[in-house]
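> A structural model of the following input is requested.
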Amino acid sequence: MAEIAASRPASTILLLRDGTQADGKGRGEIEVFMMVRHHQIEFNSGALVFPGGSVDAGDKEIVARSDLYSGGEGLGEADRGFRIAAIRETFEESGILLARSKATGAPVDASRAGEIADAHRVALNEHKVSFLNILADNDLQLALDTLVPYAHWITPEGMPKRFDTWFFLAAAPPDQLGAHDGRESTDSIWVSPREAVEGGESGRFKLPFPTTRNLIRLAKQGSVDAALDHARSLSIITVMPVMTKTETGRQLRIPREAGYDGEVFEVGALG
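Now for the predicted structure:
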């Protein structure tokens with residue numbers, strides 16, 4: 001029997017904003033920030049995904065520095081680590097920074113976030129500077145309480161690379177529009193969940209299964225506030241799909257109580 005690969009802790013953020021109608025009058029569909037993974041990336045290459053990645057040793061060092069984050073009251077070390085990793089990965093991949101001034105407690109605005117990204121983002125991605133040092137040198141605290149847990153997925157057993165991933169919702173800071181890094185991701189868009197799902201069905205986008213299911217659930221919400229309120233009301237059920245082969249490809253079974261409008265899903269061939 002083949003040894004089951006261990007799952008690595010990881011986090012991802014669904015950054016949300018309220019869209020506008022085509023005529024510019026009134027609120028349109030909710031929008032989420034997504035990126036296209038570089039085709040040479042080993043995991044989910046070419047896929048349209050939310051920013052995120054693995055929890056690393058540097059995130060655990062920040063956990064031990066309570067002066068570098070706020071809003072972590074009542075959270076265990078592991079939970080703080082997931083949130084710190086989510087904010088770091090989002091900054092690395094998009095330049096969007098969910099943080100506050102240590103001195104004033106005010107959220108970092110778009111201008112300041114841009115300055116910090118211009119000064120440090122490339123070096124951070126190249127591992128020439130630590131996220132901890134960026135926070136300390138700029139008198140910042142990560143805003144852990146801006147993240148609302150939304151889902152918890154673990155890659156099926158039998159896959160060569162497995163992740164234990166927490167999905168969080170967060171309202172995008174005003175005027176922080178985000179931009180892909182050109183390294184791990186090659187494009188980025190603000191897109192309505194409905195349009196993203198339709199793009200996956202038409203072949204315009206390549207969507208991983210968990211991404212699709214969370215987009216479908218998110219599309220039911222009419223505004224950012226409604227989506228955040230809904231997330232706060234959830235009892236999150238861990239989802240580790242059980243995969244079986246069928247004549248047409250693969251079938252995934254997930255807990256019905258997880259809230260994804262079903263239990264058995266035909267997914268075709270998995271890469």
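> In this structure residue 170 contacts residue 147, no?
Yes - the criterion here is Cβ atoms under 8 Å, and residue 170 meets it with residue 147 at 5.2 Å. Glycine gets a C-beta too; all of them are placed from N, C-alpha and C.
> overlap in contacts of these two?
Taking Cβ atoms under 8 Å, 6 or more residues apart in numbering as the criterion, residue 170 and residue 147 both touch 13, 98.
> so who does residue 234 touch?
Residues in contact with residue 234 (Cβ under 8 Å, 6+ apart) are 149-150, 259.
> Return the distance of it relative to residue 99.
25 Å (Cβ to Cβ, to the nearest Å).
> who does the one helix or strand in the chain whose mean pLDDT sits lowest pair up with?
When the helices and strands of the chain are scored by mean pLDDT, DSSP states H and E, strand 185-191 comes last with a mean of 74. Paired strands of strand 185-191, with direction, are strand 27-37 (antiparallel) (DSSP bridges).
> which other residues reach the following helix or strand past the partner strand?
Remark: after strand 27-37, the chain's next helix or strand is strand 48-49, criterion DSSP states H and E. Taking contacts as Cβ under 8 Å, 6+ apart, the residues outside strand 48-49 that touch it are 12, 34-37, 196, 199-200, 205-208, 211.
> Where does pLDDT dip in the chain?
Along the chain, the parts satisfying pLDDT under 70 run over 1-2, 21-27, 37-46, 179-186, 269-271.
> Which helix runs longest in it?
Scanning the chain for the helix with the most residues, using DSSP state H, yields helix 77-94.
> so how far is it off the chain centroid?
How far helix 77-94 lies from its chain's middle: 9 Å, per Cα atoms, centre = their mean, to the nearest Å.
> likewise stretch 197-210?
17 Å.
> and what of stretch 260-268?
22 Å.
> can you tell me the distance between the two ends of it?
18 Å (Cα to Cα, to the nearest Å).
> Give me the buried positions along it.
Under the neighbour-count criterion of 16 or more other Cβ atoms under 10 Å, stretch 260-268 has 260, 265, 267 buried.
> my guess is residue 63 contacts residue 79, does it?
No - between residue 63 and residue 79 there is no contact, the gap being 9.5 Å when judged by Cβ under 8 Å.
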